[in-house]
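Colleague: Fold the following.
(chains A, B, C and D)
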Protein chains: 2
Amino acid sequence: MIDLTKKLKYMVQKKEIIKKLRSTGLRPTKQRILIAQNLFDREKTFHFTVESLNKQINKKGKEKISLATVYNTVEAFTKAGHIKEILTSKSKSYFDTNIRSHHHFYDEDSKELTDINYNQVKLSKVPHPPKGKKIKNLEVVIRLQK
Amino acid sequence: MIDLTKKLKYMVQKKEIIKKLRSTGLRPTKQRILIAQNLFDREKTFHFTVESLNKQINKKGKEKISLATVYNTVEAFTKAGHIKEILTSKSKSYFDTNIRSHHHFYDEDSKELTDINYNQVKLSKVPHPPKGKKIKNLEVVIRLQK
DNA sequence: TTTGTAGTTTAGAATTATTATAAACTAGAT
DNA sequence: ATCTAGTTTATAATAATTCTAAACTACAAA
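Modeller: As a prediction, this is how the structure comes out:
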């Protein structure tokens, strides 16, 4: 990594991305490589939605990628473990008549939620909220699988 | 609560529901009362989606409630604090390139997610998963508000 | 190198959850 | 009994996501 020109660095990153894709059985297509570069060739990790990723990729005059492909790719990357989906309930809102502070198991197989009793979870350290913000609520979700 | 007939018990529960609604400035309409009975007159707390609640209410030959009203009512009850919405990202899926176990702030005002460093949160007690299931992942989400 | 084929991309249609609209209805104050 | 702001309702509109089926492509095998 000493003294690589931009071009070289780019080529190395691309090789690595191709390796990463292959390592999980994903064909390194032009589109997947481009998306992977957008996702992984960064200093910091980042959060995105399919919509925001799609915008980002298709804004510059560059090659366009179809929205369907962005969806497919994000799903494939998630399954492969290259990215991770953050706590959501698959586009459906879940509600609970239990309004005390408590936690949940979320069963990935059955998509079912179960309460975890408040005293079954203990947090011994919690971060300070950013300035100007208050903690409204803290929730632990434990995802289950067979 | 000694020896109440079903009818009496029902009337008391209804009174209580009306009080509950009024206590948060919600007019106790026929529809809200019916929905509240479905939600709160139970042994255990329970989890539901608008869809499931709507089905449940409208299945029996009884009075029908419009889907729009179920949506309105669930929103009103949530705002009033009678029910609570479980971790979701408002019908949009969020993804993260950070696949290490880590946690998030979710800013309710800006709808933005921020990473919380793994070592900023410590759990001193975690429940056992149900039989036949494994913990795939544990995530803490701290919701922020101004 | 050419070829065959399974895997992939694509535009557009279909689906699903949710929100908006605007007219009809109603709880409750006067 | 009447009035009115709050509520309900059917329906349309929107938004995220999934489906479809035809065109394309990576790459294994000849």
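Colleague: Can I get stretch A:78-85 in CSV? Just the C-alpha atoms.
Modeller: What follows is stretch A:78-85, C-alpha atoms only, in CSV (Å, rounded to 0.1, in the frame of the first residue of the first chain):
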residue,chain,number,x,y,z
THR,A,78,-27.7,-8.9,2.8
LYS,A,79,-28.1,-12.7,2.4
ALA,A,80,-24.4,-13.0,1.8
GLY,A,81,-23.7,-11.1,4.9
HIS,A,82,-21.8,-8.2,3.3
ILE,A,83,-24.3,-5.7,4.6
LYS,A,84,-26.9,-5.9,7.3
GLU,A,85,-30.4,-4.9,7.5
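Colleague: So it, near DNA strand D or not?
Modeller: No: using Cβ under 7 Å from any atom of the strand, stretch A:78-85 never reaches DNA strand D; the gap is at least 9.3 Å. (Glycine included, C-beta is placed from N, CA and C.)
Colleague: wait, does that stretch contact DNA strand C?
Modeller: No: using Cβ under 7 Å from any atom of the strand, stretch A:78-85 stays clear of DNA strand C, with a minimum separation of 10.3 Å.
Colleague: Buried residues in that stretch, which are they?
Modeller: For stretch A:78-85, burial by neighbour count (16 or more other Cβ atoms under 10 Å in any protein chain shown) applies to A:82, A:83, A:84.
Colleague: right, is that stretch up against chain B?
Modeller: Yes: for stretch A:78-85, a contact with chain B is found by Cβ under 8 Å from any Cβ of the partner chain, at A:78, A:81, A:82, A:83, A:84, A:85.
Colleague: So which bits of the one helix or strand residue A:78 maps to are buried?
Modeller: Secondary structure assigned from DSSP states H and E places residue A:78 in helix A:67-80. Of the residues in helix A:67-80, A:69, A:70, A:73, A:74, A:76, A:77 count as buried by neighbour count, 16+ other Cβ under 10 Å.
Colleague: Quick one: list the elements packing against the longest helix belonging to chain A.
Modeller: As assigned by DSSP state H, the longest helix anywhere in chain A is helix A:6-23. For helix A:6-23, the packing partners by 3 or more Cβ pairs under 8 Å, 6 or more residues apart in numbering or on different chains; DSSP states H and E come out as helix A:30-40.
Colleague: Pull the residues that contact the longest helix of chain A.
Modeller: A:4, A:27, A:28, A:32, A:33, A:36, A:37, A:40, A:41, A:82 (Cβ atoms under 8 Å, 6 or more residues apart in numbering or on different chains).
Colleague: so what's residue A:70 closest to, chain neighbours aside?
Modeller: residue A:54 (4.6 Å; Cβ to Cβ, 6 or more residues apart in numbering or on different chains).
Colleague: any idea how far the one you found is from chain B?
Modeller: Using Cβ to the nearest Cβ, to the nearest Å, we find residue A:54 at a distance of 12 Å from chain B.
Colleague: does DNA strand C sit close to the helix or strand where that residue lies?
Modeller: Of the helices and strands defined by DSSP H and E, residue A:54 is found in helix A:50-59. No: interface with DNA strand C: helix A:50-59 contributes nothing (Cβ under 7 Å from any atom of the strand), its closest point being 9.5 Å away.
Colleague: which strands and helices sit next to that helix?
Modeller: Short answer (3+ Cβ pairs under 8 Å, 6+ apart): helix A:50-59 packs on helix A:30-40, helix A:67-80.
Colleague: Pull the contacting residues for the nearest residue to residue A:76 once chain neighbours are set aside.
Modeller: Nearest non-adjacent residue to residue A:76, counting by Cβ to Cβ, 6+ apart: residue A:26, 5.9 Å away. Applying Cβ under 8 Å, 6+ apart, one finds that residue A:26 lies in contact with A:32, A:76, A:77, A:80.
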